[in-house]
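> Need a 3D model of the following:
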Amino acid sequence: MSDIIRRDPRAEWIARNRLHPLHAAMQKTEPSWLSAHGVLRKNPHAIGFIGPNGLKRIDRSGAQQGGAAKRSSTNEVVQLPLQVIEQPAFSICVVPDMLGGRLSAHDKDLLGLARQLAGSDGAVVAVVFGEHKENAFDLAGVDRLLHLADNAFDGYAPEARVLALGAVERQLAPRHWLLPDSRSGGGELGRRLAAKLGERPATRVWQVADGIASGRAGAGREDLIRRAPRLILAAAECAEPVSETRHEVRPLALSDALLSHLPRIQDLGAVAVDPAQIPMAEAEFILSGGNGVKDWALFHQAAAALGATEGASRVAVDDGFMGRDRQVGASGIWVTARVYLAVGISGAIQHLQGIGACDKVIAINLDPRCDMIKRADLSVIGDSAAILQALIERVAAHRQGGARDAA
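Just a heads-up that it's a prediction; the model follows:
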């Protein structure tokens, strides 16, 4: 696993952009190396530099060769500049969904929009409910973090959360409230907050520019354009995530004591749903099979054991192993799963386009050089049947252990 080369798209983009402040630090520095036959090879692209007009110049003084060891390589961690706002002129409050205790891609887009609205004078305040596992708020653009970890906010507790957001409103009086217009709680919470504050929110917003908010309407066929209100419910990809700076993430506390209340809604927990009945576009955990799957009965057994929705590549669908409604990719269904587990899928460009919005991609394959392995966040190189059987056994052992502890 450690010998597999991982791509860093952000580092590659910086290396191509000569105007980026970190461009020089991302250039490769190996001027020469020994080949497998012991022959000294020289890298012609390592000699020279890009001038202010975009033309490559060659330094014949020898200074580059002597100072090459001082420059950073793409494998080194680049420290982004830290942005600190001591006395913000105003605040932009963001309430992310925090699915699984971490920032989702939708949350990061929302924070990117908040960063645009805050500019250089405002502070982005993230309001997080309950326990979380996120440790990269600084890279997402958060200047202040208000963490409300009371047990009253666990599970489905919209009344308690709206009560807390009302206290934040009284303390900070933010210029804008930003919430994700999602099915994961942000859409409902934003509309409840709008009713409490007496605000008319802008929903399904996909762009905010020059004080104008553009939102989808008419089943996505039309745009509603209006002046950006205080409360914005933004859709996914409403802005580019923050990628150029780090931020302070200074802890923030509420000065107002939260009032106790008797909730009118009781959370009875999640309802068990058959994963096979979940539409592919809405599934959060997908087990997808391709040409490398030889035992489809074992594949179906693994999907049932893991509680995953089944998907397939176009090759598997064309061969008749899965229905056409389970095809993932640009020629099938675009998915936005939190976890996408690809078994025996090489990674054609159409398939990679279809899983572009997935948060975490796990690949099981025999070929360590296939495109799916390069795309994956976690890769397992080995026989798919053996790995799926091991997964089934581990899940069964985990559930039996949980049942014994409960007894």
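
> Secondary structure class of Gln353, three-state.
Assigned with DSSP: H, G, I helix; E, B strand; the rest coil, Gln353 falls in the helix class.

> Hmm, it is touching Gly332, no?
No - with contact defined as Cβ atoms under 8 Å, Gln353 does not reach Gly332; the gap is 10.3 Å. All C-beta spots, glycine's among them, are computed from the backbone N, C-alpha and C.

> and Val168, how many neighbours does it have?
22 (other Cβ atoms under 10 Å).

> what's near enough to touch it?
Neighbouring residues of Val168 by Cβ atoms under 8 Å, 6 or more residues apart in numbering: 93, 125, 127, 146, 174, 254.

> Could you check which of Gln353 and Gly332 has the larger neighbour count?
Between Gln353 and Gly332, Gly332 has the larger neighbour count (other Cβ under 10 Å), namely 20 against 14.

> quick one: the more buried one from Val128, how far?
From Gly332 across to Val128, the span is 36 Å (Cβ to Cβ, to the nearest Å).

> and what of Gly323?
40 Å.

> Strands of the stretch 301-407 of the chain, residue ranges please.
Assigned by DSSP state E, counting those that start in this stretch, the stretch 301-407 of the chain shows strands spanning 309-312, 339-343, 360-365, 378-381.

> nearest to Asp318, of the ones you listed?
Within the strands of the stretch 301-407 of the chain, the stretch nearest Asp318 is strand 309-312; the backing value is 9.6 Å (Cβ to Cβ).

> Run through who's touching the closest one.
Against strand 309-312 from outside (Cβ under 8 Å, 6+ apart): 275-276, 278, 280, 283, 285-290, 299-300, 303, 321-322, 326-328, 333, 335, 337.

> quick revisit: how about CSV for the strands of the stretch 301-407 of the chain, with mean neighbour count and distance to Gly401 added?
Output for the strands of the stretch 301-407 of the chain, formatted as CSV (neighbours: other Cβ atoms under 10 Å; distance: least, Cβ to Cβ, whole Å):
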stretch, mean neighbour count, distance to Gly401
strand 309-312, 27, 25
strand 339-343, 26, 22
strand 360-365, 22, 23
strand 378-381, 16, 23
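
> Pull the contacting residues for Pro201.
Per Cβ under 8 Å, 6+ apart, neighbours of Pro201: 190-191, 194, 229, 231-233.

> got the domain boundaries for this protein?
By the assignment in automatic domain parsing, the chain contains the domains 9-70, 82-252, 276-406.

> thinking again about what came up before, so which of the contacts of Val168 is the closest to Arg375?
Comparing the contacts of Val168 against Arg375 with Cβ to Cβ places Val127 closest, at 33.2 Å.

> Does the closest one lie in a helix or a strand, and which?
In the assignment (DSSP states H and E), Val127 maps to strand 123-129.

> Likewise for Thr203?
strand 202-209.

> What strands line up against that strand, and which way round?
If you go by DSSP bridges, strand 202-209 pairs up with strand 212-217 (antiparallel), strand 231-234 (parallel).

> re earlier: now the contacts of Pro201 in JSON lines, with pLDDT?
Below are the contacts of Pro201 laid out as JSON lines (pLDDT from 0 to 100):
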{"residue": "Gly190", "pLDDT": "95"}
{"residue": "Arg191", "pLDDT": "96"}
{"residue": "Ala194", "pLDDT": "96"}
{"residue": "Pro229", "pLDDT": "95"}
{"residue": "Leu231", "pLDDT": "96"}
{"residue": "Ile232", "pLDDT": "96"}
{"residue": "Leu233", "pLDDT": "96"}
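
> mind putting those residues in TSV, distance to Pro241 and neighbour count included?
Compiled in TSV, the contacts of Pro201 are given as follows (distance: Cβ to Cβ, whole Å; neighbours: other Cβ atoms under 10 Å):
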residue	distance to Pro241	neighbour count
Gly190	20	26
Arg191	25	17
Ala194	25	21
Pro229	23	15
Leu231	22	21
Ile232	17	27
Leu233	18	25
